[in-house]
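Q: Show me the folded form of this:
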Amino acid sequence: MSTSSGRYAVPPEILKHKPRGSMVKKIHGGYYVYAMENVKNPVTGKWQTKTKEILGKITVENGYIPNEDRGYTVLEYGAYHLAEECTDEIKEQFQLAFGKDENAKRIWVLALIYSVNGFRPISAISLLYKKSSLSVAYPNLKMGETAVSNILENLGRRDTEAKKFQDILLQNVKEIAIDGHVIPRYSKLDGMTEYGYKYKKLGSEQINLLTAYDVTKGRPVAMKMFDGSKNDKASVKEFIEDVIVEDCLYLMDRGFYSPELKTILAEKKSTYIMPVSSNMTAYQEALKRGRGRLKTFVYKRNAYYQECC
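A: Residues are numbered from 1 along each chain as shown. Have a look, this model is predicted:
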């Protein structure tokens, strides 16, 4: 195992992933793991290290990656088991929409992998699946790059099951919070990637994601992507049609305020809490002193406070 300085040095962030009883070599910029054994030199009588077959490689992003033809003697259980235990109710609702066939299992496993590990490239999904307890709970699933690509493409092109799942999650919801998220994008091939209002801060083009949350259960119930050039006010009028529920309270920040949105909510007998900008006429009228008004309720930079008139 080389830990010396120089062009062949193995940095600590690589060494920490080294399996016991192995050796790491830097070859053409990559770090490869070899089996090793201690053998006695028949001439000198001294013990020395002998390198054997290659076991796999190590990357900073994915850690130790064994060769595909090798089995795994240790599987990760903790985080995956916790994720399964915490999603019993959601799993039942998911199966009502997607069923229980092999394709539905692949979608569910992919969702668990993302929930535990965060975003990972599709090239890493198969390895994460094989090294986890998911390969025991859901055996023999095809989770290679082609299979995962097909899953994501089908979910994007055909939203029948996804829409049904969304409708199930929206049942009996009484409070929904809607918020927007800006995602920087550098791909010129994505038609939704455009210049947006956060270009100066991000230094890149963007796409916009709107998400609706069930306030009571603290979980998302719907989300939708929009062109980076669209602001929240324009996007929410389209998004609200997917999550409109009668007699529901909607919570949104002032960036979503528009008369059209208020009309849509009123037609469904829904209520809302939506601050208005301080330069709007409605805001100025609300602050005017009048008979019976002893105090004003002022909204300022995400904080509420009372101020005597």
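Q: what about the strands in the stretch 1-150 of the chain?
A: Assigned by DSSP state E, counting those that start in this stretch, the strands in the stretch 1-150 of the chain fall at 22-27, 30-40, 47-59, 63-66.
Q: got the ones you listed as TSV, with mean neighbour count, distance to residue 182 and mean pLDDT columns?
A: C-beta coordinates here come from the backbone N, C-alpha and C atoms, glycine included. Below are the strands of the stretch 1-150 of the chain laid out as TSV (neighbours: other C-beta atoms under 10 Å; distance: least, C-beta to C-beta, whole Å; pLDDT from 0 to 100):
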stretch	mean neighbour count	distance to residue 182	mean pLDDT
strand 22-27	16	39	88
strand 30-40	14	35	86
strand 47-59	14	29	85
strand 63-66	17	30	85
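Q: could you redo the ones you listed as JSON lines and give each row distance to residue 113?
A: Converted to JSON lines, the strands of the stretch 1-150 of the chain look like this (distance: least, C-beta to C-beta, whole Å):
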{"stretch": "strand 22-27", "distance to residue 113": "26"}
{"stretch": "strand 30-40", "distance to residue 113": "23"}
{"stretch": "strand 47-59", "distance to residue 113": "17"}
{"stretch": "strand 63-66", "distance to residue 113": "15"}
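Q: Residue 138 is nearest to which of those strands?
A: Among the strands of the stretch 1-150 of the chain, strand 63-66 comes nearest to residue 138, with 20.2 Å by C-beta to C-beta.
Q: Restricting the selection to alpha carbons, write stretch 158-174 to PDB.
A: Presented in PDB, the C-alpha positions along stretch 158-174 are these (Å, rounded to 0.1, in the frame of the first residue of the first chain):
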ATOM      1  CA  ARG A 158     -46.600   8.500 -19.100                       C
ATOM      2  CA  ASP A 159     -47.900  10.200 -16.000                       C
ATOM      3  CA  THR A 160     -51.100   8.100 -15.500                       C
ATOM      4  CA  GLU A 161     -49.800   6.200 -12.500                       C
ATOM      5  CA  ALA A 162     -48.000   9.200 -11.100                       C
ATOM      6  CA  LYS A 163     -51.100  11.300 -11.300                       C
ATOM      7  CA  LYS A 164     -53.100   8.600  -9.600                       C
ATOM      8  CA  PHE A 165     -50.500   8.500  -6.800                       C
ATOM      9  CA  GLN A 166     -50.600  12.200  -6.500                       C
ATOM     10  CA  ASP A 167     -54.400  12.200  -6.200                       C
ATOM     11  CA  ILE A 168     -54.200   9.600  -3.400                       C
ATOM     12  CA  LEU A 169     -51.600  11.700  -1.500                       C
ATOM     13  CA  LEU A 170     -54.000  14.700  -1.800                       C
ATOM     14  CA  GLN A 171     -56.900  12.900  -0.200                       C
ATOM     15  CA  ASN A 172     -58.000  14.500   3.100                       C
ATOM     16  CA  VAL A 173     -55.300  17.200   3.000                       C
ATOM     17  CA  LYS A 174     -56.400  20.300   4.800                       C
END
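Q: Quick check: the residue lying closest to residue 185 once chain neighbours are set aside vs residue 107, distance?
A: Counting by C-beta to C-beta, 6 or more residues apart in numbering, residue 193 is the residue found nearest to residue 185 once chain neighbours are left out, at 4.2 Å. As for residue 193, its distance to residue 107 is 26 Å (criterion: C-beta to C-beta, to the nearest Å).
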